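A.B. asks: Generate coordinates for the sequence data below:
(chains A and B)
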Amino acid sequence: MSERPVNDSKKKSNVKRRDFLKILGVSGAAVSAAACSPEPAGKLIPYLVSPDETVPGVSTYYATTCRECPAACGIIAETRDGRTIKLEGNPAHPLNRGAICARGQSALQQLYNPDRLRTPLVKQAGTWKPIPWKDALAMVGEKLADARAKGTAGNAVFINQHESGSLVEFIDQWLAAFGMKPHLSVEFEADQATLEANRRAYGVAWPRLNFSAARLIVSFGADFLDGWGTSVPQQLDFADARTNFQTAPRFVYIGPRRSLTGLNADQWIACKPGSELAIAQALLGAMGHRTGTSIAQAATASGVSAEVLTTLANELKAAAPSMVLSGVRTGDALEVAATVAEINRAAGNVGKTILPDEPILAFEGISRYSELADAVEDMRGGRVPVAFVRGANPAYFLPASLKFDDAFAKVPFKVAFATQPDETVEQCDLVLPDLHALENWGDAQPVKGTLSLQQPAMDKVFSETRSAGDVMIALAKADPSAARRFPQADYRTWVMEQFAGGPRAFAAGLATGIASGNMSVRRTPGARGTGTAPALEQASGDYYLVTYPHTLFGDGRGANKPWLQELPDPVSKIVWSSWVELHPETATKLGIERGDILEVKTAAGTIKAPAYLYLGIRPDTIAVALGQGHRSRAKLAPWNPANNNNAQNFLQWGYGRYARDVGVNAFDLISATTDAAGGFVWTGTKASITKTGDHETIPSTEGSARQHGRGIAQAATIADLLGGKVKDEQEPLLPGEAPHEYLRGMRAPVAADAQGEIGAPTAADSGTLLGLYDPRNPLGMAKRRWAMTIDLAKCTGCSACVTACYAENNLPTVGAAWQNATVYAVHKTGYNIVRGREMNWLRLERYFEGADDAKFGEEFEGRFVPMLCQQCGNAPCEPVCPVFATYHSPDGLNVQVYNRCVGTRYCSNNCPYKVRYFNWFGYGESDRPQYAFPEPLNWQLNPDVTVRGKGVMEKCTFCVHRIREAEDRATLEGRELIPDEFTSACAAACPSRAIVFGDAMDPKWAVNQHIEDERAYTVFKEINAFPAVVYLKRINHPSPLTASKA
Amino acid sequence: MTKRRKWTAIPGLVALAAGAVILSAYSGASSSKNSSPTQPIAFPHSVHVGKLGINCVYCHYSANNSFDPGLPAVSTCMGCHLLVGPDRPASDLGPKRKSAGIQKLWEYAGLAGKPAKPIPWNRIHKLPEYVHFPHMRHVNAGVTCQTCHGPIQTEDKVYQYATLNMGWCINCHVNGYDPKQGEEMVSMVSDGRGGATLPAADRAAAATPDSLRKKARYDCSVCHY
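C.D. replies: Next up, the predicted model:
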């Protein structure tokens, strides 16, 4: 500019200068006017008639039953002003005892899913048209009457997502009234082989597993912490057993891939896929049974050293009682499960660790996969006149090689009862929008002797949706011959009338959500014949292919919930994506790096997905998780948030906007074969892999899988613990001249600038009092020091706490394709997370200890650390904030004041724990395309917590709103806080009870006992940040073999 | 304008604008104080509270046990107005009269042949969403409604009495709530010119000593989370 001739510049700017000044004046005024005008206050809409028992702004809690998996845990739905905003476990429920998993909590995102069906629809000439309920019912009635007239009604198929409880009986009665055969109750994840073996060995489908009695747990691929069986109660019991150190069981995991459960094991025995039977038989042989397989033979078959197997056999003989579990999904799964049951019997475990007298009843009545496959063949043969599907999504989870779509198309009339579109609904002729479980009535029998009740936690989200039960009763009423079977007005009346004790008992039980009693359970008939799976070794391909249901998505049904998509896979820490797991050794051999797109090919099909190098898999094996890869049949343009008109453009989205085009469907790779129990074979083939040459950065929240000597996740051996050698004696240094004399216990010296004059505007007036920071101040804020302990010996890494945090604190999910950093420019799911924009206030870090990154080795351990704001007493983030947006509160919280924050991000830069997250793109602002809560997902937002806008730093608040709410309640009731009367959202959810929250200044709170535990340590103690989060070391039980070598 | 004057004028104007913004933020000018939107029904608090003496929590029924003070359901209004209809015959209460407001209420309540629907009141007092204001803590601490909402018993049309700015909140939390002042607000009567005044007899003689003022926690995280 300066080199330009002066004249020229003058000439050009002469005219513009006045304009410039005018514009400046006008815009300056406009800016100041805009800055000063308050936001519009809006409307206040009162009730017409105020409902009973509700107070505006105060939550009501309803006890009901979770339906996200068959287990039927008890949940408490928190409902505020008519909207359910949070789910927590029901402490009175015998199954889950107050805990809840990530999948259970995400039920809310199904309830409020923006892709939910809102009106009945009929397919006419290939397009969908809304249809009034009256016409829809008439249409179904007509088709049913037609089928009956032709005598083909008996061939009709009804596929239902398995739910324990009286719904099973209801559907069968309804079908019988129309002359149709009993329905298929489908649960694709169910371990049919184990269910069958249990029934044969113990007489029940699922005995309770008593982990605390066991001295040794041996699991053959039974992932009891990530979805196998009833994961929440198993996790509770396992965590309890493992922290009862005097009698804690050692845990050995046998399988080709180390799952989340495997990472929690003390020892991993990496056997070849399909060789579990040989090992089980060898162990049984060692117990004195004649099995025909010696340890040496098993060692040859499995690729495991004979020394390891001999040690295990000796341990098994010595440990009394032990617990041996099988969850293998190979062609010989039933034989493995039966052998394992024999071992349990031989070791005398039945009645001690395996309790058939206290059965879990949730899995009774599940139809076998083979029955479903038979029904598909009936459809293909054109014998099925009408098909009903409720909840289940066979078009997704049945392997492509079964060609379900072709068979289904041969059914002339297909009806879906569904809450939202999916691959199966898309192919139906009539869609009847169903109620979500949180809007509906029902019951379940989780365990013997106790019934779990289900009641609506709120009114319907969409007025035109109707419960499938109500619809079926209405259909029966319209039919002259079926009408007399269903005199009840609606499904609710039906449930209550058939309930043991009638409506009165049902209503009485609703307060706690449970009632004592038993209901008749439809039994699964015994399996006949043999499986159809060929021997694994005969398959062509270079690598064994292990497929498994995803911990979070299950058989795919979780993929439409952004909380679950954004929740890192507990093992790989990958989000919003599919991946192929292979060992680094294999990768080096093939020249593959993390993120290289591989083509995986089997006899059944091909997928392309990025490579993830994982220590916990055999070099001759690759693994793919199931659950992603939902597609729509039509080729669609990417989802555009501006185009949010569900009335017109829904049903084109596959399984909804959050699941569509994320990852690949591994069901494409699997041949449709069965084991002898009629179960689906997940690990039954080999695959070949080729590099495609493409590469992508896998969206993952992981920095490094190694600790690099930082001591974040610490552990000790059981011998050291019992020998009293665990206590960390080194005291931290006290910094500076902070006035800390009066601060007891965990209260660390607070930086003077956060505690002196700034904290005490009236300090000058009140003599020696230091304002709010002085415990003698009558306002009493400094009486407390909020703190947390996390027991790593209990934590299994399941990540339920992370989802609890998302639900409680209105954390936005950022990984959907349209939320990208440069909105629309890079249309890739998870790209925001590649850029590090995730907002997980509480993250679950997973580290590997031991083994070599390049060479295969079984001896490494997985360590899990929930990492959240440490609420440091001497916080590095506080002194660097130029506007005091982050400072230290008198009750020990490291507070972030959103309205003060100007977004310099210095605090995050200075945080040694990297637990501060910056809101880059306004995910909480509804007028932006990257808005994380499209209507009605925003109905779930917690009104107690601010929805943060763009440009502010945010982080874990220690659930300060819960602290204030408890204080308010105590004041209202004229009392002090009761120790442990409330807890943080993460601690409330935790299914292993690893997290304890409370006041470290008052010894009556439970958290104090844990702070004083000999295993206690704080992360990065050397930097003297004085965290309020105290971790308790994980405890390992090394193999006697390792111990003898050491 | 010479070149030199230009370089003083432009930054000067910018500084002025910035100063105005800052000043207005601190002065309370950015508040919607005194805003008084026209309501769908001209509900006179002066009649209901001032004249009839209805307790505030009769209608704002959760002010003493929730963050949310509560807004009367239409059925609450109709509890009285089913009997007190739009047409009032001449009686000892006054001459014959027709009330347009009650007529409208009847329409909302569904008595005029149309389906009932809630009254879309225009909100007057609103705090930003990052502020959490527990009504029950204040009500139960003895802070009179009028302390923040003004002499509501005299208001024919409600307006925002206080600035509701943070400085205004902090002032009370740090220096303490003066119960005498709160009581005075309750005793106020209409001055006949649209304002409120304190009857001479109720005027306080001396200032409340510091020890009798009710102080409250003023830490940021008490309200901001």
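A.B. asks: which one is the one residue in the stretch 1-150 of chain A that gets nearest to chain B nearest to, not counting chain neighbours?
C.D. replies: Chain B sits closest to residue A:57 of the stretch 1-150 of chain A, with a gap of 3.1 Å, by CB to the nearest CB. For glycine as for every other residue, the C-beta is placed from the backbone atoms N, C-alpha and C. Of all residues beyond its chain neighbours, the one nearest residue A:57 is residue B:68 (3.1 Å), with distances taken as CB to CB, 6 or more residues apart in numbering or on different chains.
A.B. asks: got it, and residue B:183?
C.D. replies: Using CB to CB, 6+ apart, the closest residue to residue B:183 is residue B:144 (6.8 Å).
A.B. asks: what sits against residue A:892?
C.D. replies: A:746, A:747, A:784, A:785, A:786, A:787, A:871, A:873, A:1000, A:1028 (CB atoms under 8 Å, 6 or more residues apart in numbering or on different chains).
A.B. asks: whoops, residue A:812 was the one
C.D. replies: A:839, A:919, A:923, A:924, A:932, A:933.
A.B. asks: how near is it to residue A:917?
C.D. replies: Remark: distance between residue A:812 and residue A:917 (CB to CB, to the nearest Å) = 10 Å.
A.B. asks: Need the overlap of contacts for those two.
C.D. replies: Common contact partners of residue A:812 and residue A:917 (CB under 8 Å, 6+ apart): residue A:839.
A.B. asks: so which residue of the stretch 201-350 of chain A comes closest to chain B?
C.D. replies: Nearest residue of the stretch 201-350 of chain A to chain B: residue A:232, at 29.9 Å (CB to the nearest CB).
A.B. asks: Ends of stretch A:423-438, what's the gap?
C.D. replies: Length of stretch A:423-438, first residue to last, CA to CA, to the nearest Å: 23 Å.
A.B. asks: Actually, stretch B:177-191.
C.D. replies: End-to-end distance of stretch B:177-191 (CA to CA): 26 Å.
A.B. asks: show me what contacts the residue most central in space within chain B?
C.D. replies: With distances taken as CA atoms, centre = their mean, the residue of chain B nearest its centroid is residue B:149 (3.2 Å). Counting by CB under 8 Å, 6+ apart, residue B:149 makes contact with B:125, B:158, B:161, B:162.
A.B. asks: Equivalent analysis for residue A:385, please.
C.D. replies: So, once contact is read as CB under 8 Å, 6+ apart, residue A:385 ends up touching A:143, A:146, A:147, A:150, A:152, A:153, A:155, A:156, A:411, A:412, A:413.
A.B. asks: Next up, phi/psi of the second one, please.
C.D. replies: The reference is to residue A:146. phi -60, psi -50 (degrees, to the nearest 10).
A.B. asks: what's next to stretch A:203-213, contact-wise?
C.D. replies: A:195, A:198-199, A:217, A:224, A:229-230, A:233-234, A:237-238, A:240-242, A:244, A:247, A:249, A:321, A:323, A:325, A:352-364, A:447, A:524.
A.B. asks: can you tell me which of these are in helices?
C.D. replies: Counting by DSSP state H, the part of those found in helices is A:195, A:198, A:199, A:233, A:234, A:237, A:238, A:240, A:241, A:242.
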